[in-house]
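Engineer: with the sequence up front, the predicted model follows.
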Amino acid sequence: MNNSSTREPGDGQHGALDRLAREDGDSRAQFLKMAGVGAAGALAIFVAACGGSDEPTGGGGGGGGGGDKPSGSKGSQGDIDIVNYALTLEFLEADFYQQVIDSGEVTGPAAEVAKFIGANEQEHVAALMATVEDLGGTPVQAPQTNFEDVLAGGQKMILATAASVENLGAAAYLGQAGNIENMDILAAALSIHTNEARHAAVLNQVTGKSIVPDGAFAKPATMEQVLKTVKPFIKA
């Protein structure tokens with residue numbers, strides 16, 4: 001995940017979105033059907049993230065790419081890097097909510113929201129790790145986190161941080177959608193992007209922000225932007 005290139009979302013010509021746009025109607029219909037069958041696996045595959053570059057190594061080269069590989073086959077290095085990128089932030093999110101719950105600093109309905117979202121993030125971690133292995137890769141290790149200052153700030157700061165993290169997660173998903181080669185992974189990513197956006201909307205409302213802070217169209221975030229935002233929460 002130590003790549004130096006800085007690919008922006010949508011720059012690639014071989015990602016799953018690009019191929020989907022070129023497919024005939026029957027293929028698009030099959031893809032959309034596939035996108036809805038993930039409760040046991042595909043729905044929980046992706047969340048946004050914290051480590052790497054905007055062009056994972058090995059992705060997007062040559063005509064076929066990794067997008068036509070069936071589930072369970074070796075994935076392209078690019079898709080493996082993207083899933084590991086997502087896994088890093090999922091580790092961060094899951095640990096954050098666990099620390100919030102353990103601290104007792106958040107009470108009442110807000111505590112129940114934290115428990116619910118935290119459980120989602122733990123499921124994402126498990127699914128992401130399994131997905132990397134299924135693609136033939138090695139899952140990244142969980143980072144050492146640093147949320148002491150946030151927890152010391154009390155419930156208001158904790159909820160504001162949670163809102164920021166969830167909005168970032170949704171933006172990170174969106175930022176990588178155009179770089180994903182495997183259509184199964186893309187379907188899962190879009191499903192989890194929706195899940196993260198719903199988390200964000202609830203927390204935005206709780207903290208007095210607009211449920212759609214970017215307006216009618218969500219804005220993507222590059223890996224560089226995501227890394228910069230979460231860096232204070234990761235111990236060197």
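Structural biologist: Received it, and whenever you're ready, just let me know what you need.

Engineer: point out where this structure drops to low pLDDT.
Structural biologist: In the predicted model of the chain, residues 1-74 satisfy pLDDT under 70.

Engineer: can you show me the helices along it?
Structural biologist: For the chain, the helices defined by DSSP state H occupy 16-22, 25-35, 77-103, 109-134, 148-152, 154-176, 183-206, 223-230.

Engineer: what's the most buried one of those helices?
Structural biologist: Scoring the helices of the chain by mean neighbour count under mean count of other C-beta atoms under 10 Å gives helix 77-103 as the most buried, with a mean of 24. Every C-beta, even on glycine, is put in place using the N, C-alpha and C of the backbone.

Engineer: contacts only, for Val106.
Structural biologist: Listed by C-beta atoms under 8 Å, 6 or more residues apart in numbering, the contact set of Val106 reads 100, 114, 155, 158-159.

Engineer: please repeat the previous calculation with a cut-off of 7 Å.
Structural biologist: If you count contacts by C-beta atoms under 7 Å, 6 or more residues apart in numbering, Val106 has them with 100, 114, 155, 158.

Engineer: so the third one touches Gly104, yeah?
Structural biologist: No - applying C-beta atoms under 7 Å as the test, Gln155 and Gly104 come out as separate, 10.2 Å apart.

Engineer: excluding chain neighbours, what is closest to Ala221?
Structural biologist: In this structure, Ala221 finds its nearest non-sequential neighbour in Ala171, 3.7 Å apart by C-beta to C-beta, 6 or more residues apart in numbering.

Engineer: so what's that neighbour up against?
Structural biologist: With contact taken as C-beta under 7 Å, 6+ apart, Ala171 is in contact with 218-221.

Engineer: look up how far Ala216 lies from it.
Structural biologist: When C-beta to C-beta, to the nearest Å is the yardstick, Ala171 and Ala216 sit 15 Å from each other.

Engineer: next one: Val106
Structural biologist: Distance of Val106 to Ala216, given as C-beta to C-beta: 31 Å.

Engineer: please apply the same query to Gln144.
Structural biologist: As defined by C-beta to C-beta, Gln144 lies at a distance of 39 Å from Ala216.

Engineer: the two: which has the busier surroundings?
Structural biologist: Gln144 (9 against 5; other C-beta atoms under 10 Å).

Engineer: isn't that one up against Lys235?
Structural biologist: Yes - using C-beta under 7 Å, Gln144 and Lys235 qualify as a contacting pair, with a distance of 4.1 Å.
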